[in-house]
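>>> Fold the following for me, if possible:
(one chain, ligands or ions: 4)
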Amino acid sequence: MSLLFATERQVAITAVRRACGLTSTVFKKLIRNETLTKGDKSPVTVGDFSAQAVVNTILARAFPDDRIVGEEDAKDLRGDSLEATALRNRIVDLAVENLAGELDLGEMEEWGLGPKHTHTPEQLLDAIDRGTYSGGSTGRMWALDPIDGTKGFLRGEQYAVCLALIVDAKVQLGVIGCPNLSQDASKPDGPKGCMFVAVREQGAEQMSLSGANPAPVKIPTFSNGELNMLESVEAAHSSHSFNDRVSQLLNITRSPTRMDSQAKYCALSRGDGGIYLRLPATSGYIEKIWDHAPGSLLVEEAGGVVTDVHGLPLNFGLGRELGENHGVVAAGENVHGKVLAAVNQALGDGKPKV
Ligand SMILES: Nc1ncnc2c1ncn2[C@@H]1O[C@H](COP(=O)(O)OS(=O)(=O)O)[C@@H](OP(=O)(O)O)[C@H]1O
Ligand SMILES: [Mg+2]
Ligand SMILES: [Mg+2]
Ligand SMILES: [Mg+2]
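Ligands and ions are numbered 1, 2, ... in the order given. Below is the predicted model of the structure:
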């Protein structure tokens, strides 16, 4: 008897692994004018667009009826301007080359892979735009962040290719590829490049990006003295000062580890740090589902708890955003309760006294 979501798991591993190969190539050759600034002032690179084209092409072939909520869209790539044409050509070349790569273990030709397939520019732009689904509470949908932590990617630091399958608003499968993350946190100069895979009720595991050495990941039981806070690098993405206050309340003496992207969830799942705390630094910012879907399942399957500051589960069924949640509190089972209490004490401390 085959396990639930076995095919989806293999397709997602394939898509994330291929996309990681592409982003690593792009990083080595990225040139200045290959980065755009989006309406919200955040960066997007040829790597983000072409990785979304690759993942969505594979998903569309393997599961033609599934919807996709992806971070990027192809609007800026469709014009006739010199800039749009150059960007489009580069993205198409990258995606075509990546998809044409010889089949690796577990990959299937019918997923659009291998040298026999052709992919036209129009098909690849349409593949990117398959990611424009508005989300919702029923049915199957994939959540894709082709490069999470684009700023980290541009700095040559942590970033992640993140893919999740959500069924009736519940994350069932999460795959995260971290090309720059050390396979063993205690050996920062050792081999880099890991993939984290979680299936609901089937546990979580880490493997190398090639798929080698799969091993279960588990959050250990921490005492306060051993706890270490994981937080965003960008102060604009989550409040560092708030996290300092919570650390004080919990008597955490170790300094926080700053890391871009859902690599924070990955680090937490294998016990490199015991808490991931993310409070909005800008009032009004609502978290996106693709920034949390695979990471939250990974942490839960590794024995952790993920809620917002009110202790509510993240609700992935409200569209492209986590519309009803405020902040994210992720920690091992034995510490989540006290972290939540400290978060609420710190939030109360900040309120004007009447
Ligand atoms: N104002 C604001 N507040 C909170 N979050 C924001 C904000 N702006 C952007 N984003 C999202 O942050 C994603 C990057 O993840 P991190 O914050 O973990 O990375 S970082 O350490 O700050 O670089 C980043 O994901 P990517 O765009 O995929 O890189 C964004 O979706
Ligand atoms: Mg982005
Ligand atoms: Mg992101
Ligand atoms: Mg992104």
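
>>> Look at residue 75 and say how many residues are nearby.
Counted by other Cβ atoms under 10 Å, the residues lying close to residue 75 total 12. Heads up, the C-betas are built off the backbone N, CA and C, glycines and all.

>>> Quick check, pLDDT for it.
Residue 75 is assigned a predicted lDDT (pLDDT) of 96.

>>> mind checking how far it is from residue 256?
Residue 75 sits 37 Å away from residue 256, going by Cβ to Cβ, to the nearest Å.

>>> near ligand 4 at all, the helix or strand of the chain with the lowest mean pLDDT?
Ranking every helix and strand in the chain by mean pLDDT, DSSP states H and E puts strand 35-37 at the bottom, with a mean of 85. No - figure legend: strand 35-37 not in contact with ligand 4 (Cβ under 5 Å from the ion); closest approach 12.6 Å.

>>> With stretch 120-138 instead?
No - using Cβ under 5 Å from the ion, stretch 120-138 never reaches ligand 4; the gap is at least 11.1 Å.

>>> Same check on stretch 156-165?
No - Stretch 156-165 stays clear of ligand 4 (Cβ under 5 Å from the ion), getting no nearer than 8.0 Å.

>>> So what touches stretch 63-75?
Stretch 63-75 has contacts (Cβ atoms under 8 Å, 6 or more residues apart in numbering) with 8, 11, 44, 48-49, 52, 55-56, 59, 125-126, 128-135, 139-146, 288-290, 320.

>>> Ligand 1 next: which of those are close?
Contacts with ligand 1 are made by 145, 288 out of the contacts of stretch 63-75, judged by Cβ under 6 Å from any ligand atom.

>>> show me what contacts whichever residue of the stretch 201-350 of the chain sits closest to ligand 4?
In the stretch 201-350 of the chain, the residue that lies nearest ligand 4 is residue 290 (7.2 Å; Cβ to the ion). Residues in contact with residue 290 (Cβ under 8 Å, 6+ apart) are 69, 70, 71, 143, 144, 145, 148, 162, 164.

>>> next one: residue 326
By Cβ under 8 Å, 6+ apart, the neighbours of residue 326 are 280, 308, 309, 310.

>>> at 7 Å what do you get?
Contacts for residue 326 were tallied using Cβ atoms under 7 Å, 6 or more residues apart in numbering; they are 308, 309, 310.

>>> Check residue 87 too.
Contacts of residue 87 by Cβ under 7 Å, 6+ apart are 46, 77.

>>> Which helix or strand lies directly C-terminal to the helix or strand where it lies?
Using DSSP states H and E, residue 87 sits in helix 82-100. Remark: after helix 82-100, the chain's next helix or strand is helix 121-129, criterion DSSP H and E.

>>> and residue 13, that's in a helix?
Yes - under DSSP: H, G, I helix; E, B strand; the rest coil, residue 13 sits within a helix.

>>> List only buried entries from the contacts of stretch 63-75.
8, 11, 44, 48-49, 52, 55-56, 59, 125, 128-131, 133, 135, 141-146, 288-290, 320 (16 or more other Cβ atoms under 10 Å).

>>> So what's the model's average confidence on the longest strand along the chain?
For the chain, the longest strand by residue count, based on DSSP state E, is strand 170-182. Strand 170-182 comes out with an average pLDDT of 98.

>>> still on that earlier bit, what about the least confident helix or strand of the chain, near ligand 1?
No - judged by Cβ under 6 Å from any ligand atom, strand 35-37 stays clear of ligand 1, getting no closer than 11.8 Å.

>>> which residues touch whatever residue of the chain ends up closest to ligand 3?
Relative to ligand 3, the nearest point of the chain is residue 148 (3.6 Å; Cβ to the ion). The contact partners of residue 148, taken as Cβ under 7 Å, 6+ apart, are 159, 160, 162, 261, 262, 291.

>>> So which of the contacts of residue 326 belong to strands?
Among the contacts of residue 326, no member lies in strands (by DSSP E).

>>> Of the residues you listed, which is the most crowded?
residue 308 (21 neighbours).

>>> just checking, that one touches residue 323?
No - under the criterion of Cβ atoms under 7 Å, residue 308 is not in contact with residue 323, lying 11.2 Å apart.

>>> Same question for residue 218, what's its three-state structure.
With three-state DSSP as the criterion, residue 218 was assigned coil.

>>> Any stretches of the chain with poor pLDDT?
For the chain, applying pLDDT under 70 flags the ranges 1, 32-33, 350-354.

>>> any idea which residue sits dead centre in it?
residue 162 (3.4 Å; Cα atoms, centre = their mean).
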